[in-house]
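Colleague: here are the coordinates; sequence isn't available:
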């Protein structure tokens, strides 16, 4: 789907015409399970009036000398375009007409040296700088009312070099997933990193937030793909990464990956790429309940029989998936009979999507067979390739569906975590219970989860919640639920975030995860590269 214009994207993911029409059966199901909502049209973008720029003219003049007159702007349209943020909180505030987090000045450097010059001007005048890529942060990574320069990196958006012998692509940070895939695939390669935000997110954003993609079980997370980094900081340039691995002390790339612009501005990335797969097989599988499915995924993972895509929906998400895209009437009854004859009750089933990709057909088939041996040990029932391929084709539809649900008056948000296998099911139950309590009473909320990233020792838990939006203060409504869930994650010993990053929303819980000494280490690193605290102040709690 096309990316909406800048003003449209401040209150929704896609354009108004991109949101799907909610079928009557879905509206009826929402009314029954969650409650009846009232339509929630966004405020007209023309009504958004940012406050005048708070950056002095002398700073703007110095920046024009640094990057050129055409690449510095305080125009309303440019400032809105660089605002960013794609969390429910961001969209809810703008739907209600609140637009108080707009940057004061937008600067578009075209080289690493120009980024360094911008940082020098900002330091001289004590003005904050926030790098901006695709604007898809869902944890408040860009949400601040601090007077600031938005460092829009869209001029640094090219494939710079492809080392086809080593399998390394060197790119600018502003290249988006679709653009990079098109460039790589034209030469027989793929990155294989497909987060839900793929349509708009940038490579720099992937790295700065330590993102994971839908195929990360097979292809690895973004942090697994980074071979080298070029980073601009107020104290100088960091050029990191030599060879495929090193024992030269702690890996400083790991300090920059996930730093969300607080330690420096990523201006170049070397990425491990793979040969474009010629063969793909995607299957849909029914398992007799989420607990059994989790055990099947653990078995497959610890048997080293993983697929590249491993996604397992709990019973609530399975029911929703079947409602949205599954068979109805006689076809539904036939599916129920088919599953029951093989030991699975559709009403309590757990739906899995698995995908295998590669250049060697026999190897892809052998990997699939190994995974299926684990699934069958736990009662897995095949639904064939069709539903699996349908999921692959529609894998990026989720944000557009959220637009439709918000238009209809619902709070829709996600949160994610990860834990070890031994704690996984109890954490799933606890997250569901906490959200039920925080967003109750009944009817609603509707809480559903899936496992989307599997490791030998554990897995991620990704939860979606739908509730009738409190139109008086929907932001506070979600913040209460988010806080209660974050407290529960910390108490359970799970991570506060598996792939969404820390931003400002998770910052209050970071010390509970890394300890006060860990926070001191982060502060010391911040002081070494950004002693004046000008780079994206507030993220990571710094």
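Modeller: Now that the structure is in, tell me what you want to look at. Quick caveat, the model's predicted, so the values are computed rather than measured.

Colleague: For residue 335, see how far away the residue of the chain positioned farthest from its centre is.
Modeller: If you look at how far each residue of the chain sits from its centre, by Cα atoms, centre = their mean, the farthest one is residue 341, at 38.8 Å. Going from residue 341 to residue 335 by Cβ to Cβ, to the nearest Å gives 11 Å. Where C-beta positions appear, they are placed from N, C-alpha and C, glycine not excepted.

Colleague: Same question for residue 242.
Modeller: Counting by Cβ to Cβ, the gap from residue 242 to residue 335 is 55 Å.

Colleague: ok, how many other residues are close to residue 72?
Modeller: Applying other Cβ atoms under 10 Å, we find 24 residues neighbouring residue 72.

Colleague: Equivalent analysis for residue 535, please.
Modeller: Residue 535 has 27 neighbouring residues, counting by other Cβ under 10 Å.

Colleague: Quick check, it in contact with residue 235.
Modeller: No - look at residue 535 against residue 235 with Cβ atoms under 8 Å: they stay out of range, at 10.7 Å.

Colleague: Between these two, which contacts overlap?
Modeller: Common neighbours of residue 535 and residue 235, counting by Cβ atoms under 8 Å, 6 or more residues apart in numbering, are residue 529.

Colleague: part of a helix, is residue 65?
Modeller: Yes - remark: residue 65 belongs to a helix, assigned using DSSP: H, G, I helix; E, B strand; the rest coil.

Colleague: if we can go back for a sec, which of residue 242 and residue 335 has more neighbours?
Modeller: With neighbours defined as other Cβ under 10 Å, residue 242 and residue 335 compare such that residue 335 has more, 17 against 10.

Colleague: Quick check: mean pLDDT of whichever strand or helix holds that one?
Modeller: If you go by DSSP states H and E, residue 335 is part of helix 329-341. Per-region confidence: helix 329-341 scores 89 on mean pLDDT.

Colleague: Run through the bridge partners of residue 226.
Modeller: Beta-bridge partners recorded for residue 226 (DSSP bridges): residue 271.

Colleague: scratch that, residue 355
Modeller: residue 282, residue 309.

Colleague: count of residues packed around residue 58?
Modeller: For residue 58, using other Cβ under 10 Å, the count is 10.

Colleague: That one belongs to a helix?
Modeller: Yes - per three-state DSSP, residue 58 lies within a helix segment.

Colleague: What are the boundaries of the helices in the stretch 1-150 of the chain?
Modeller: Assigned by DSSP state H, counting those that start in this stretch, the helices in the stretch 1-150 of the chain fall at 24-33, 57-67, 76-81, 88-95, 112-125.

Colleague: quick one: which of those helices is nearest residue 461?
Modeller: Shortest distance between residue 461 and the helices of the stretch 1-150 of the chain, using Cβ to Cβ, is found for helix 88-95: 18.5 Å.

Colleague: Give me the distance from the closest one to the chain's centre.
Modeller: 17 Å (Cα atoms, centre = their mean, to the nearest Å).

Colleague: How about stretch 477-497?
Modeller: 18 Å.

Colleague: what do you get for stretch 269-282?
Modeller: On Cα atoms, centre = their mean, the centre of stretch 269-282 falls 20 Å from the chain's centre.

Colleague: Give the rounded mean pLDDT of it.
Modeller: Stretch 269-282 shows a mean pLDDT of 97.

Colleague: What residues of it count as buried?
Modeller: Neighbour-count burial for stretch 269-282 flags 269-274, 276-277, 280-282 (criterion: 16 or more other Cβ atoms under 10 Å).

Colleague: Just put the residues you listed in TSV and tack on distance to residue 133.
Modeller: Shown next, in TSV, are the buried residues of stretch 269-282 (distance: Cβ to Cβ, whole Å):
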residue	distance to residue 133
269	12
270	17
271	15
272	20
273	20
274	23
276	25
277	27
280	29
281	33
282	30
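
Colleague: so which of these comes closest to residue 33?
Modeller: Closest to residue 33, out of all of those and judged by Cβ to Cβ, is residue 282, at 28.9 Å.

Colleague: tell me the contacts of that closest one?
Modeller: 309, 353-356, 385, 388-389, 391-392 are the contacts of residue 282 under Cβ under 8 Å, 6+ apart.

Colleague: No more questions from me, cheers.
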